[in-house]
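Trainee: Below is the sequence, then the predicted model.
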Amino acid sequence: MIDVLHISAECYPAAKAGGLGDVVGALPKYQTKTGLLSAAIIPKYHTRWVMAQDWVTVYSGVFRMHDYYVPFSIEQEATNQLGFPLFVANIPGRFDRPGIYANPDGGWYQDEVERFLSFQLAVLSWLEQWKDGPKLLHCHDHHTGLIPFMVKHTVEYGHMADTPTVFTIHNGEYHGSFSWRKMNLLPYFHENSKGYLDWSRTICPLATGIKCAWKLTTVSPSYLNELRQDSNGLEGLIRSEAPKSHGVLNGIDNEVWDPRTDKYLSHHMKTDDVDTFKQENREILLRRFNINPEWPIITFIGRLVKEKGADILPDLIARYLYHGGQANFLILGTGDPQLMARFEHMRHYLHGRFDAALEYNEGLARLLYAGSDYLFMPSRVEPCGLNQMYAFRYGTVPIARAIGGLRDTVIDMGEPDGTGRGIRFMNFNLEDMYHALDRAVYTFHQKDDFRALRKKITELDFSWERSATEYINIYKQLTNFER
């Protein structure tokens, strides 16, 4: 019997657009390793990975959506290769597309409300047929935020009201709100429960999940505090739910992110030989990109969007290099077309000091973690951040803004107690970032200190074992997991 069912829009490697996919691809695996059988269910997208697997249909049925019935099936990945049961909801016409939220060639899908509401209804229609269902439902982000409401307050699914629910906010920027004109898409609910759906005169799945879940978590302690101060209008609600709220720092999968065995790398880390590992991979980067071999390599990896601070990079890098800064800058990612055009232009007029790969490339990302000296993370918002944890593992020093999970994980190397593990700056402006880059270049040339710092950070433990245990302790407050 499944103890915990994770319900999510993403799960690596089946479907990933960001950190949500990484979390849901790892947390069930590490919970299952402890003896708590956890599974995950996502929509059946037509991503490359999903279409390459063998799926076994475990349930077929229909659910009601307004005045029509929608057929669906639940399928399970046949080999259990991820280390936990992975299910997909196959809903024809809704998710049989190559992208998760948008076409790969650009353009957001315009039926998001119907898509993710149908996903939630399919999951609940499946669960209501179980004779011995999951002991707990763990819902992730607004795409699943209506489930804690529907199991409590709807006629069709209310018999699951005693099933505990945990709701995790991975990114509070997105609320999933939609007009009350679409209320009829929901199953029948009790009139006196209407207020649980409403926020600012809309149906707000994020707010609903916060209100109705038995426990609320965020992906880092600092992010929970930040949401209480700024969450696009939900500040008061999140503060009011403080008694049931927990900030649990995400982890990383040390089996997937292992510099000793990484399948994407041709040179692996040997025991206690971080320097050789870094140098061998650095040499590959120097052959791949047009940069100066004598200068430190500072890399940005991620989505080229304002949330990640990518929009400040063109002015920052140009200013730093024009004023004589001696550093190489590499960019890997896709996003804002105008920003990508600027980076393409910079490749020419900053030749030999700046280069960019404007693509999604997992193999190149691994090489950049392995061969770079620094990872730059100037985020405006960073609920947890995983890139800095990957960087630590591969001996690359983060330069990060003190925001969200970056505040919790990147301790400045100037701290007198010796706990420092990176370079941290406070404000989102050119001056603070310029100073952080200067510190990085200076530290790079203090060879003995820099080598010691690199070795130190590779020994840090941000594995999922710790985070999985924290979640299990939260679950145990809600239900009995004794066998």
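Mentor: Great, that's in hand.
Trainee: how far does stretch 152-170 stretch from start to finish?
Mentor: Length of stretch 152-170, first residue to last, Cα to Cα, to the nearest Å: 23 Å.
Trainee: how's this protein carved up into domains?
Mentor: As assigned by automatic domain parsing, the chain contains the domains 4-251+465-476, 274-461.
Trainee: mind checking which of those domains is nearest Tyr264?
Mentor: When these are compared by Cβ to Cβ, domain 274-461 sits nearest Tyr264, at 3.9 Å. Bear in mind the C-beta positions are built from the backbone N, C-alpha and C, glycine included.
Trainee: re earlier: got the domains of the chain as TSV, with mean neighbour count, distance to Asp262 and mean pLDDT columns?
Mentor: Converted to TSV, the domains of the chain look like this (neighbours: other Cβ atoms under 10 Å; distance: least, Cβ to Cβ, whole Å; pLDDT from 0 to 100):
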stretch	mean neighbour count	distance to Asp262	mean pLDDT
domain 4-251+465-476	19	15	95
domain 274-461	19	6	96
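Trainee: Turn these into CSV, columns for distance to Tyr264.
Mentor: Formatted as CSV, the domains of the chain follow (distance: least, Cβ to Cβ, whole Å):
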stretch, distance to Tyr264
domain 4-251+465-476, 13
domain 274-461, 4
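Trainee: Among the ones you listed, which comes closest to Pro259?
Mentor: When the domains of the chain are compared by Cβ to Cβ, domain 274-461 sits nearest Pro259, at 5.1 Å.
Trainee: who wins for proximity to His268 among the domains of the chain?
Mentor: Proximity to His268 (Cβ to Cβ) singles out domain 274-461 among the domains of the chain, at 7.0 Å.
Trainee: Give me the distance from the closest one to the chain's centre.
Mentor: 19 Å (Cα atoms, centre = their mean, to the nearest Å).
Trainee: before we move on, what about stretch 121-140?
Mentor: Stretch 121-140 sits 24 Å away from the centroid of its parent chain (Cα atoms, centre = their mean).
Trainee: For that stretch, measure first residue to last.
Mentor: 15 Å.
Trainee: Ok, stretch 43-59 next?
Mentor: End-to-end span of stretch 43-59 (Cα to Cα): 14 Å.
Trainee: go on, stretch 301-315?
Mentor: Stretch 301-315 has its terminal residues 17 Å apart, counting by Cα to Cα.
Trainee: how about the strands of the stretch 101-250 of the chain, start to end?
Mentor: 136-140, 165-169, 198-199, 202-203, 215-218, 245-247 (DSSP state E, counting those that start in this stretch).
Trainee: And for the third one, what's in contact with it?
Mentor: So that's strand 198-199. Strand 198-199 is contacted from outside by 175, 177, 180, 204, 207-208, 233-234, 237, using Cβ atoms under 8 Å, 6 or more residues apart in numbering.
Trainee: Quick one: distance of that strand to the chain centre.
Mentor: For strand 198-199, the distance to the chain centre is 26 Å (Cα atoms, centre = their mean).
Trainee: Repeat that for the fifth one.
Mentor: Strand 215-218 has its average C-alpha position 15 Å from the chain's average C-alpha position, going by Cα atoms, centre = their mean.
Trainee: That one pairs with which strands?
Mentor: Using DSSP bridges, the strands paired with strand 215-218 are strand 165-169 (parallel), strand 245-247 (parallel).
Trainee: who wins for proximity to Ala318 among those strands?
Mentor: Closest approach to Ala318 among the strands paired with strand 215-218 is made by strand 165-169 (36.0 Å; Cβ to Cβ).
Trainee: Give me the subset of the contacts of strand 198-199 that lies in helices.
Mentor: Among the contacts of strand 198-199, the members falling in helices (DSSP state H) are 207-208, 237.
Trainee: Tyr188: which of these is nearest?
Mentor: Thr208 (16.2 Å).
Trainee: hang on, that closest one packs against Leu197?
Mentor: Yes: counting by Cβ atoms under 8 Å, Thr208 does reach Leu197; the two are 5.5 Å apart.
Trainee: Find the residues that touch each one of the two.
Mentor: Any residue near both Thr208 and Leu197 by Cβ under 8 Å, 6+ apart counts here, and that gives 146, 149.
Trainee: okay, the strands of the stretch 101-250 of the chain in a markdown table with distance to Phe329 next?
Mentor: Below are those laid out as a markdown table (distance: least, Cβ to Cβ, whole Å):
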| stretch | distance to Phe329 |
| --- | --- |
| strand 136-140 | 34 |
| strand 165-169 | 33 |
| strand 198-199 | 42 |
| strand 202-203 | 42 |
| strand 215-218 | 32 |
| strand 245-247 | 33 |
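Trainee: any idea how far Gly371 is from Ser266?
Mentor: Per Cβ to Cβ, to the nearest Å, Ser266 is found 11 Å from Gly371.
Trainee: Name the residues contacting each of those two.
Mentor: With Cβ under 8 Å, 6+ apart, Ser266 and Gly371 have common neighbours Ile284.
Trainee: Contacts only, for Thr34.
Mentor: Contacts of Thr34 by Cβ under 8 Å, 6+ apart are 468-469, 472.
Trainee: at 10 Å what do you get?
Mentor: Residues in contact with Thr34 (Cβ atoms under 10 Å, 6 or more residues apart in numbering) are 465, 468-469, 472.
Trainee: go on, Asp275?
Mentor: Shown in contact with Asp275 (Cβ under 10 Å, 6+ apart): 395, 447, 451, 454-455.
Trainee: Now with 7 Å, please.
Mentor: Arg451 (Cβ atoms under 7 Å, 6 or more residues apart in numbering).
Trainee: wait, is it part of a helix?
Mentor: Yes: using DSSP: H, G, I helix; E, B strand; the rest coil, the assignment for Asp275 is a helix.
Trainee: where's it relative to Phe289, distance?
Mentor: Look at Asp275 and Phe289: by Cβ to Cβ, they are 21 Å apart.
Trainee: Could you do Arg115 as well?
Mentor: Going from Arg115 to Phe289 by Cβ to Cβ gives 39 Å.
Trainee: Kindly report the same for Ala436.
Mentor: As judged by Cβ to Cβ, Ala436 and Phe289 stand 22 Å apart.
Trainee: Where does Tyr59 fall, secondary structure wise?
Mentor: Assigned by DSSP states H and E, Tyr59 belongs to strand 55-65.
Trainee: Within the sheet, what are the partner strands of that strand, with directions?
Mentor: Each strand paired with strand 55-65, and its direction, by DSSP bridges: strand 68-77 (antiparallel).
Trainee: how about the helices in the stretch 101-250 of the chain?
Mentor: Under the criterion DSSP state H, counting those that start in this stretch, helices of the stretch 101-250 of the chain are mapped to 112-127, 147-153, 205-212, 221-229, 235-240.
Trainee: For Met51, find the nearest of the ones you listed.
Mentor: Closest approach to Met51 among the helices of the stretch 101-250 of the chain is made by helix 112-127 (18.2 Å; Cβ to Cβ).
Trainee: ok, and what's touching the closest one?
Mentor: Applying Cβ under 7 Å, 6+ apart, the contact partners of helix 112-127 are 7, 9, 41, 43, 59, 61, 63, 65, 70, 72, 74, 89, 91, 94-95, 109, 133, 143-144, 146-147, 150-151, 157, 160, 178, 182, 185.
Trainee: got the angle for it vs strand 55-65?
Mentor: Counting by axes from the mean of the first three to the mean of the last three Cα atoms, to 10 degrees, helix 112-127 lies at 110 degrees to strand 55-65.
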